[in-house]
Each structure stands twice: as structure tokens, then as C-alpha cells.
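Asker: Sequence plus predicted model, see below.
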Amino acid sequence: MLEIKNLQAAVDGKQILKGVNLTINAGEVHAIMGPNGSGKSTLSYVLSGRDGYEITEGDILYKGESIVEQSPDERAASGMFLAFQYPLEIPGVPTMTFLRTALNAQRRARGEKELDAVKFLKLVRGKAKELQIKEEMLKRPLNVGFSGGEKKRNEVLQMSLFEPTLAILDETDSGLDIDALKIVSDGVNMLRSPERAMLVITHYQRLLDYIVPDQVHVLADGQIVRSGGKELAKELEDSGYGAIVPNAA
Amino acid sequence: MSSLPESKHPFVEFYGPKVETEGDSLIQRLRASGLATYQTLGLPTKRWEEWKYTDLTSLSKKSFSKPVQYSGDVSQGPLFETGDALTAVFVNGFFREDLSSISDAPAGVAIDSLAGMETVPDWAEQVLASSSAPEDHSVLALNSALMRDGVVLRIGADIKVERPIHLRFITTATDDAPNPSSFLRNTVLVDQNASVTIVESYKGSDDADYFTSTASQFVVLESATVRHIKLQKEGVGSTHLATQMVSLSAKSSFGGFYLSGGSAVSRNEIHGTFGGEGAHLQLDGVFLGAGSQHCDNTTFVNHAVPSCTSSQVFKGVLDEQSRGVYQGQVTVAKDAQQTDGRQLVKTLLLSDQAEIDAKPELKIFADDVKCAHGATAGDIDDEQLFYLRSRGIDEVTARALLVEAFLTEVLERLEDQKIREFCQQQIVSWLDAHGRGARNVG
Ligand SMILES: Nc1ncnc2c1ncn2[C@@H]1O[C@H](COP(=O)(O)OP(=O)(O)O)[C@@H](O)[C@H]1O
Ligand SMILES: [Mg+2]
């Protein structure tokens, strides 16, 4: 599903990713852990094609094809999704308008029929209910006045609407209390399927009790320094990054 | 009014045979003193503080056609489908009864064309004489000197006019006037406790190098309410100079909304004065620029009496090499305690060559007031753009969505849903033509 080969990337001329290698097969969930500033969010942006994140070396293959020349919207239409660590507030764009524009843009790009207003509303209402998102929230401008937890839930709502084949979740757990964490994890777990793959970025082991990964990788200073099974997360929790990552807090 | 002194100033040669009432009427005197003032001052230059950012020197190099009545077909479609509106149509500066629908004005609404009136009523002369703009205003003086036609409108006391009154000003190039010039003067008196919505729209040929001078005077009496919407979508080669004057009596309210998207060079200047306590003035605007357009919004709000509120939000979207200006001066007199005066101007610059000169200004001589002003300018937010694109929205659509979102704050201040939707639609069509991701789109 996703093959990251010796990926090196720079932002503002500063080298952040220094040779990341990672393969995720369909049906798998991989976790990336690592200290702050190790390049986790940068990796998620590079995978999504954000401007200004320059790939200096290496390649990203998605469904067997290089995507490095694709725009973020092309990647989204072909099934990639990034749940942002810090979802953006966009005053003036109602959440509903945004969701519908995005969903229909993806469908159009894939040659599918757009959803009419009635079908769309029904779909969103159903998903929102599962995630315990109040309808009132969807009437507000996108993420404006949302609490940290509400923003994260809104990310998961988008994910369940778009039904991506590759979902990247960047610290979706941060800012969530334990109840919200369960709701969000349930939402993510519902999407788990043999056709989908997920990359779950987290700073804490806690999330991985709910979303159990097939593999765990430790990113430090722009490189994966260790990989292992889900027990690696536990080990990190007990010993801290210091034991694995030199100079880590 | 026969022989004229030689003048180096443009347009003076158009002064001449009156169109309206003969004799020593107040209008004639206004025209004469307008001419005298204009002869002395000439057109503004950039050395004048208030005209620092807008250069009219190119006007003297052009040769405009003298205002002439035109009774032929007008190809310009309606700028605003007002449906049930009372519509007064002016073509090349003159009223066109055949295109208008003012004859069925409801009781309490008196609407006429200035040029068509045998005698201008006293009240209209008084409104004309009661300008809230300064005396040494050369652009207004030029308008006074050459004013030919316009609407003369009075809303009687306690009358709540349901239908909007739409004043449509259309310019079209003709054989007689390839580069038409128009000098329009609108006179509006809204009596006590009356309420009305007045739409002024301006549209014209894209292929003519024409000139529109327009001035509108609003006298709003006690507890009356006026909603004023001005839509300026003049032809791309034109020059549009508008002066709006608003006098507010106690407890009255005037809400203006100014959408400017046309003309090569345009200026919309508003003078608002409070004459009684408890009145409210709201002035909002959207200006859209592309190519080498220059769009100026200048406001003067004079809190001469206590306990009045004024609020302004102007938002600009400038693309390519266009240039925007916002100058806003709020003056609070020494006695005008409990004034609340706010102004905000925000500009979205869609290209590196686009420029805005924003100068909100407060002159406060009272001590117990609430006043605030702010100005921001910036590009589309890259992070927001990426967020939208990461959801599958292409760059062009994402940019348009962000531009519309940027303008939402000011559009939401328009109460009338029909007019708000109309303005939104104008903006969307402008975006289609210009602003939509003009850059970086393959
Ligand atoms: N726009 C930028 N310009 C320069 N350095 C940046 C920029 N964005 C992030 N960085 C740096 O890149 C490194 C990795 O950041 P990030 O990917 O956000 O880490 P993480 O998500 O693992 O906490 C940090 O040292 C950060 O300071
Ligand atoms: Mg991060």
C-alpha cells in the first residue's frame, strides 16, 4: 500500500527527514512514535504533498506508484487522508459546506457521482452521531470555536466520511480525555479493513491500547531508529525515549 | 450663464445650457458656485492630503463626450434582478422613463427625475444645499456645476417602503457620444420614522473610455431607517467618482453597503454627519481589483453630537497589479461624549504586485468615547489552503473558497438576504473572471 524509500526532505532549507524507510501493507496499522521535533509531523506533510516540503532524496510509492509529483488534492482523491495534529480554523467556511465540497471533489476526481444535499446530510448525520458530534457543531464555521477535542473528533469525522485507503493520524490522541479517546479510537477501528492501511503517529503509548498496531517504529532525528511489534510501545512507555534515542528528553 | 472664462480644467466646456429649471433658482446658484469652486481648485492632485493615493491626472489627457441624451437600445443587461423593485433607469446620465417603473410608486413615495421636474421642490433644494461634504471639494463642485439629472426622492413620514428602490445608471457608447460623460445628482429625503432600501447600481460598456460623476445626498430625519446599497460594476476603461453625503437626525439609522468591482479608476467617498443623538451609521464595503484597476474607498464620519454609533467594515480582494485605497476618518467633536466609532479594513492580496493603502484614522476631541480601528493585509493563508487541498479540494476552488470566506464577515452584515445573495453571486462571478487562483494554477 505504502512504500517509503530512503525519504529525505527539507523545510526552508533545513534537512528534517534524513532517510526514512517504511513499508505498510494493506490491512496493517503501523505506529510511529518519537520525541517532539523528531520529524513525525513533517513526515505526514511530505506524504500529503504540502508545498514547501521539499523531497531531496528518495521516493514515496502509494499503491505501487510514485506520488511525489502529485498535488495534495490528487493524493486525497486517490484515497490518502491526513488527520492533522493541529486542525486549521477557517472562519467563514461552514463545516457542512466544507465537508460536502471536499467529499464531492474527491468523488468527482474519481469519476463517481456527486452526492446530493439530502443524501449527503443523511450520511454526515449518521457518522456524526457515531462520533457523538453534535449537529450544532457542524453548523459552525470550520473548527472555529471548537475545543481541542472537538477539532480532533472533526478530523475523525472527515476520515469516516471520506473512507480513505491510507489514513495518517498525527497525534489524534493529544488533547482528548479518556472518553473522547475511546470514541475516536472506535471510529478509527471501524475503518480497519483488509483493504486499508493506517499510519498512527503518537507521542504516547496510551492510544495504542485502543488502536492496536501491527508494527511500531521509533522516529528520531528524521530517521527510523527502531522497529518492532506492539510491545515496543510498552517498552518505550516504561523506559522512555532516552533508552533508545540518544539525547532524547 | 453665457460666456465662460477659458479654463485649463477638464469638463468645464460642458457647462452650459441648463437642463433643469431656468432662473435664479437655488440649483442655478449651486451650479454657478460649483463651477467657481472647480475653476479655482481644478481636479485634485496627489499633493492634496485626501487624494494622496488616487491620481486623477490622466483625466485631463482624455477627451470625453459631452453629456447627451440617448434614447436608443441599451444592451447592458440588468445588474441586479430586483424583481419587485421600483426601478428608475438612467442612461448616459439621463432618465429613461421608457425603461423605468416608478409610476406605480406607493403612497408616500415621491420619486422624480431631476431634469424632468418643472420646478424643483423647496425640500429638494434644501437637501441639495445641505451637503455634509466640505465646501472646497472639487470633485463635488464639478458635479454641482454640471449636474444634469438624477433622482429626486422623498419618503413620507411613517412610510415603510417594502419594495426596494433601484436606481440603475447605465453608460453605453453611442455615435454621438463614443466616450460618454455623466453628471448625476441624487437627492433623497427620508422623513420621520420612515424606512426604505435604496439600491444604486452602475454598469457600462467595457469598450468605452467613459466618465461617471455621481453624487447622492441623503437627509435622514428622526427615527428613520435607510439601507443603501451601491453596486459599482462600471466598464473596465471607465472612471467613476462618487460622493455620498449622509445627514442623520436623532435616532435615525443609515446602513450603507458598497460593492466596487468595476472601472479602471474609481473612488467612492462617503461623508456622514450626525445631527442628533442616538443615531447609527454603518458603512460597509467590498472592493475587488484585478488587472491595473485602482479602487478607492474614502469615508469621513463626523460625530458632531453625543451618543451616536458608527461602524465600518471594508474588505478588499486585490489581484494582479491592482491597487486599493481605504481612507477612513472618524472625527469625534469635543461634546460628542458616548460616541462609539469603529472601523476595520482588511485586504487580501492575491498577487505580489497588488497593493493596498489603508489609513483608518481617529480624531477624538471628547474623552468619554469608545473608538477602535484596525487594518490588516495579507495573502491567502498557506496552511488553510493546504488543509483544504489535503481534503481533495483543488487549488483553484480552495482559493475561491478562502476568498469567499474572507468576505463573509462583511457580507453577513447585510441584513437583506436577497441582496446578500446577489452580492455573493457578484463576488463569485468576479472570482471566476479574475481572482480564482490566478497564480500557480497549471
Ligand atoms: N517550517 C519550518 N521551518 C524550519 N524548521 C521546521 C519547520 N517546521 C518544522 N521544523 C523543524 O522540523 C523538526 C521536526 O518538526 P516536526 O515534524 O513538527 O516534529 P514532531 O512532529 O515529531 O514533533 C523540528 O526541529 C522543527 O523545529
Ligand atoms: Mg508533530
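Answerer: Cool, got the structure. Residues are numbered from 1 along each chain as shown, chains lettered A, B, ... in the order given. Ligands and ions are numbered 1, 2, ... in the order given.

Asker: Show me which residues of chain A are close to ligand 1?
Answerer: Neighbours of ligand 1 within chain A, by C-beta under 6 Å from any ligand atom: A:11-12, A:14, A:16, A:34, A:36-42. C-beta coordinates here come from the backbone N, C-alpha and C atoms, glycine included.

Asker: rerun that using 5 Å as the cut-off
Answerer: Within chain A, the residues that sit near ligand 1 (C-beta under 5 Å from any ligand atom) are A:11-12, A:14, A:16, A:36-42.

Asker: Which of these fall in strands?
Answerer: Among those, the members found in strands (DSSP state E) are A:11, A:14, A:16.

Asker: Find the nearest non-adjacent residue to the residue in the stretch 251-400 of chain B that ligand 2 sits nearest to, please.
Answerer: Using C-beta to the ion, the closest approach of the stretch 251-400 of chain B to ligand 2 is made by B:Glu383 at 13.9 Å. Closest residue to B:Glu383 apart from its sequence neighbours, by C-beta to C-beta, 6 or more residues apart in numbering or on different chains: A:Leu88 at 5.6 Å.

Asker: quick one: contacts for that neighbour?
Answerer: Counting by C-beta atoms under 8 Å, 6 or more residues apart in numbering or on different chains, A:Leu88 touches A:142-143, B:381, B:383-384, B:387.

Asker: ok, B:Ser103 - contacts?
Answerer: By C-beta under 8 Å, 6+ apart, no residues touch B:Ser103.

Asker: What of B:His280?
Answerer: With C-beta under 8 Å, 6+ apart, B:His280 has these contacts: B:248, B:252-254, B:308-311.

Asker: what's around the residue in chain A that ligand 2 sits nearest to, how many residues?
Answerer: With C-beta to the ion as the measure, A:Ser41 is the residue of chain A nearest to ligand 2, at 3.2 Å. When neighbours are counted by other C-beta atoms under 10 Å in any protein chain shown, A:Ser41 registers 18.

Asker: how close does it get to B:Gln384?
Answerer: A:Ser41 is 17 Å from B:Gln384, where distance means C-beta to C-beta, to the nearest Å.

Asker: again, but for A:Gly34
Answerer: The value you get for A:Gly34 to B:Gln384, if C-beta to C-beta is used, is 27 Å.

Asker: out of these two, which sits in the more crowded spot?
Answerer: Each of A:Gly34 and B:Gln384 has its neighbours counted (other C-beta under 10 Å); A:Gly34 has more, 27 against 19.

Asker: Next up, phi/psi of that one, please.
Answerer: For A:Gly34, the backbone dihedrals (degrees, to the nearest 10) come out as phi 160, psi 160.

Asker: who's in contact with it?
Answerer: A:40, A:203, A:218-220, A:241, A:245.

Asker: and the helix or strand A:Ala31 falls within, what does it pack onto?
Answerer: In this assignment (DSSP states H and E), A:Ala31 forms part of strand A:29-33. Packed against strand A:29-33 by the contact rule (3 or more C-beta pairs under 8 Å, 6 or more residues apart in numbering or on different chains; DSSP states H and E) you find strand A:197-201, strand A:215-220, helix A:231-239.

Asker: which one of these lies closest to B:Val428?
Answerer: strand A:197-201 (37.8 Å; C-beta to C-beta).

Asker: Does ligand 2 have contacts with the closest one?
Answerer: No. With C-beta under 5 Å from the ion as the criterion, ligand 2 is not reached by strand A:197-201; the gap is at least 7.0 Å.

Asker: What strands line up against that strand, and which way round?
Answerer: strand A:29-33 (parallel), strand A:166-170 (parallel) (DSSP bridges).

Asker: Tell me, how many residues neighbour residue 226?
Answerer: Here I'm looking at chain A. 16.

Asker: wait, I meant chain B there
Answerer: Neighbourhood size, B:Val226 [other C-beta under 10 Å]: 22.

Asker: tell me which element it falls in.
Answerer: Per DSSP H and E: strand B:225-233 holds B:Val226.

Asker: avg pLDDT for that strand?
Answerer: Taken as a whole, strand B:225-233 has a mean pLDDT of 96.

Asker: so what's the residue nearest to B:Thr57 when sequence neighbours are not counted scoring on pLDDT?
Answerer: Excluding the flanking residues, the one nearest B:Thr57 by C-beta to C-beta, 6+ apart is B:Thr45, at 7.1 Å. What the model reports as pLDDT for B:Thr45 is 92.

Asker: just B:Leu26 next, same as before
Answerer: In this prediction B:Leu26 is given a pLDDT of 81.

Asker: burial of it, as a residue count?
Answerer: B:Leu26 sits with 15 neighbouring residues when counted by other C-beta under 10 Å.
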